[in-house]
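1. here you go, sequence then predicted model.
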Amino acid sequence: MSESVTFSLAIPHCPWVPERVESVQRLERLLGIRHFDQDAGRDYVIPGRRPHQYTDHVAWFTDREPNHSWSGKLWKWGYSTGATHLVQLQDDVIVDANFWPNLRAMCEAVPDQIIGLESVHPLSRQVYDNGGNWYTTADGLIGVGYVLPRAVLAELLEWRSARLRPGAIEAISEDTLIDVFCMSTGRKVWHPVPTIIDHDVAMASTYGNDKHTHRRPLVTTV
């Protein structure tokens, strides 16, 4: 019997932006998790009680620091929880009403694969209309939302610390780093159609990506 799917949930959050405070509160309500409490610490664990029936660990990453810094902390934390899968959702994500059971079904279908939830490929609609459930890319993961299996996460952390030239991780964003990892190791990113998240682009991008052409998934249940 395959290993039961368990999740750790990480949310990068910018609490110094008022709109994103409201947005993360919406995300927490949709996910059914406790409201972010800075004083409670990043890792929300109450002895004897799970934060949510689908996850044992929830963490908010709120330090105002470069991508490579907070993402490194986030990935190490995800691995440390022992969960089979790390889920990362940024604070401006909107999730499907059945997000958790749908996500579990996805991870059970492809338990050892990286899943990019922000499915933006121009052919997404065509894949869906032709009855497809997935497509894969050599890169194409976008940091709005993704899932990393624990074994892959371990490989990513080792690759990040030992296989790159000095200055490489500081030069690119964290999602591009995952894409480079995939290309250099021959992995694929799996993208579901329809996906189970949307991206609230009404708020200004914290990275200046407001005019980016691939900011929302093309086929979503949200």
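-> Everything's here; your move. Residues are numbered from 1 along each chain as shown.

2. rest of the way, CA atoms for contacts and neighbours
-> Fine.

3. tell me where the chain has helices.
-> 18-31, 67-80, 99-109, 124-129, 150-162, 168-171, 174-185 (DSSP state H).

4. can I get these in CSV with mean neighbour count, distance to residue 7 and mean pLDDT?
-> Listed next are these as CSV, based on neighbours: other Cα atoms under 10 Å; distance: least, Cα to Cα, whole Å; pLDDT from 0 to 100:
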stretch, mean neighbour count, distance to residue 7, mean pLDDT
helix 18-31, 17, 13, 93
helix 67-80, 17, 9, 95
helix 99-109, 16, 9, 96
helix 124-129, 16, 26, 96
helix 150-162, 15, 10, 97
helix 168-171, 14, 26, 93
helix 174-185, 18, 19, 96
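
5. mind checking which of those helices is nearest residue 217?
-> Closest approach to residue 217 among those is made by helix 124-129 (8.5 Å; Cα to Cα).

6. so what touches the closest one?
-> 133, 134, 135, 193, 194, 218, 219 (Cα atoms under 8 Å, 6 or more residues apart in numbering).

7. list the contacts of the first one.
-> So that's residue 133. 127, 192, 193, 194.

8. go again using 10 Å as the cut-off
-> Contact analysis of residue 133 by Cα atoms under 10 Å, 6 or more residues apart in numbering lists 106, 124, 127, 190, 191, 192, 193, 194, 195.

9. top of the contacts of helix 124-129 by neighbour count?
-> residue 193 (26 neighbours; other Cα atoms under 10 Å).

10. pLDDT wise, what is that one at?
-> Residue 193 is assigned 97 on the pLDDT scale.

11. repeat for residue 36
-> Value listed for residue 36 in the pLDDT field: 65.

12. same question, the one 10 residues further on
-> Each residue has a pLDDT score; the one for residue 46 is 50.

13. surely residue 141 is in contact with residue 192?
-> No. Here residue 141 does not reach residue 192: they are 11.8 Å apart, not a contact under Cα atoms under 10 Å.

14. if we can go back for a sec, put together TSV for the helices of the chain, with distance to residue 4 on each row.
-> Shown next, in TSV, are the helices of the chain (distance: least, Cα to Cα, whole Å):
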stretch	distance to residue 4
helix 18-31	20
helix 67-80	16
helix 99-109	8
helix 124-129	28
helix 150-162	13
helix 168-171	33
helix 174-185	25
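
15. to residue 55, which of the ones you listed lies closest?
-> helix 99-109 (9.1 Å).

16. neighbouring contacts of the closest one?
-> By Cα under 10 Å, 6+ apart, the surrounding residues in contact with helix 99-109 are 2-7, 30-32, 52-55, 84-85, 87, 96, 111, 113-115, 117, 133-134, 147-149, 190-192, 195-197, 221-222.

17. rerun at 8 Å
-> 5, 31, 54, 196, 197.

18. with stretch 193-202 instead?
-> Against stretch 193-202 from outside (Cα under 8 Å, 6+ apart): 92-96, 99, 102-103, 117-119, 124, 127-128, 132-135, 144-145, 210, 215-217, 219-222.
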